[in-house]
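Trainee: got a structure for you, letters missing:
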């Protein structure tokens, strides 16, 4: 069905983390990473990314 | 002999060559030299002088008139003078209907005027004249995106990719259109090809992550 779907369903995390590595101040990416860690109940990491996002765009209420 | 002139000013050298050609009546290459002189001014960003030289071509044979008119049209186009660009594009096409570059130029003018249907017609005509005219195929893809004909846009860009493979812009366009129509398989395929060319692009990596996430969510749902 999805020929490129990897066995590890967390592949998307790899790409978001890689993106973060090359562009650590990308607000959208920080929010996504925060949300994904929050969803997986890894709250320390989620807070870390949301805090970084709030530093990048302090006025953004999202 | 020329180095003596080139040391002073390339323009003097051009004039000297043109004078010698006229004296010796080797008129076959005269147009080429005058065109080179015009291009010299263009590189110096002196558009007015370029246009003056090109206008001196206007009384020569039809194919040259077409080429020169097309060049003048393009100059006006990049200066944003669409009315004059249109005038010279028409002149180029009147003198040689099957000049694919003039057809692309005319298509661009319609595109700038937001007449997308006419633009598309001209790009298709240019492709009809020269099947591997990459400018026409790329612009056809772009106009199809503007007209929301995404399948046709993909078709155009995939054709372009088969003629000149692995151009990042083209691969991105194909991947993006597949992403929009939610064909995630093909979107990932083309993003992967693109990532092989540009492995460190953070936006691309983020897009890949987003696609894999959407696939996972759609499977879970």
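Mentor: Ah, there it is. The structure displayed is predicted, hence computed values, not measured ones.

Trainee: Apart from its chain neighbours, what residue comes closest to the residue nearest to the spatial centre of chain B?
Mentor: Here the mean C-alpha position of chain B is nearest to the C-alpha of residue B:135 (C-alpha atoms, centre = their mean), at a distance of 4.4 Å. On the basis of C-beta to C-beta, 6 or more residues apart in numbering or on different chains, the spatially nearest residue to residue B:135 that is not a chain neighbour turns out to be residue B:104, at 5.0 Å. C-beta here means a position set from N, CA and C on the backbone, and glycine is covered the same way.

Trainee: and the stretch of helix or strand that neighbour belongs to, what's its mean pLDDT?
Mentor: Taking DSSP states H and E as the criterion, the element that holds residue B:104 is helix B:100-112. Summarised as a single mean, pLDDT over helix B:100-112 is 94.

Trainee: same check, this time on stretch B:194-207
Mentor: When pLDDT is averaged along stretch B:194-207, the result is 92.

Trainee: sorry, back to before: which residues does the residue nearest to residue B:135 contact?
Mentor: Listed by C-beta atoms under 8 Å, 6 or more residues apart in numbering or on different chains, the contact set of residue B:104 reads B:122-123, B:126, B:133, B:135-136, B:139.

Trainee: Recalculate using a threshold of 6 Å.
Mentor: Listed by C-beta atoms under 6 Å, 6 or more residues apart in numbering or on different chains, the contact set of residue B:104 reads B:126, B:135-136.

Trainee: circling back to that earlier point, helix, strand or coil: sort out the residue nearest to the centre of chain B for me.
Mentor: helix (DSSP: H, G, I helix; E, B strand; the rest coil).

Trainee: Let me know the pLDDT of it.
Mentor: Reading off the per-residue confidence, residue B:135 sits at a pLDDT of 94.

Trainee: do residue B:76 as well
Mentor: Predicted confidence (pLDDT) at residue B:76: the value is 87.

Trainee: Does it touch residue B:85 like I think?
Mentor: Yes: here residue B:76 lies in contact with residue B:85, judged by C-beta atoms under 6 Å, at a distance of 3.9 Å.

Trainee: Let me see the contact set for the most centrally placed residue in chain A.
Mentor: With distances taken as C-alpha atoms, centre = their mean, chain A has residue A:33 as the residue nearest its mean C-alpha position (1.3 Å). When contacts are counted by C-beta under 6 Å, 6+ apart, residue A:33 touches A:16, A:49.

Trainee: Now with 7 Å, please.
Mentor: When contacts are counted by C-beta atoms under 7 Å, 6 or more residues apart in numbering or on different chains, residue A:33 is found next to A:16, A:20, A:49.

Trainee: do the same with residue B:85
Mentor: Residues near residue B:85 by C-beta under 7 Å, 6+ apart: B:73, B:76-77, B:109.

Trainee: do the same with residue B:122
Mentor: Applying C-beta under 7 Å, 6+ apart, one finds that residue B:122 lies in contact with B:103, B:106-107, B:110.

Trainee: Of the residues you listed, which qualify as buried by neighbour count?
Mentor: B:103, B:106-107, B:110 (16 or more other C-beta atoms under 10 Å in any protein chain shown).

Trainee: Could I get the contacting residues of residue B:120?
Mentor: The neighbourhood of residue B:120, defined by C-beta under 7 Å, 6+ apart, consists of B:140, B:143.

Trainee: I misspoke; the intended subject was residue B:62.
Mentor: Applying C-beta under 7 Å, 6+ apart, one finds that residue B:62 lies in contact with B:95-96.
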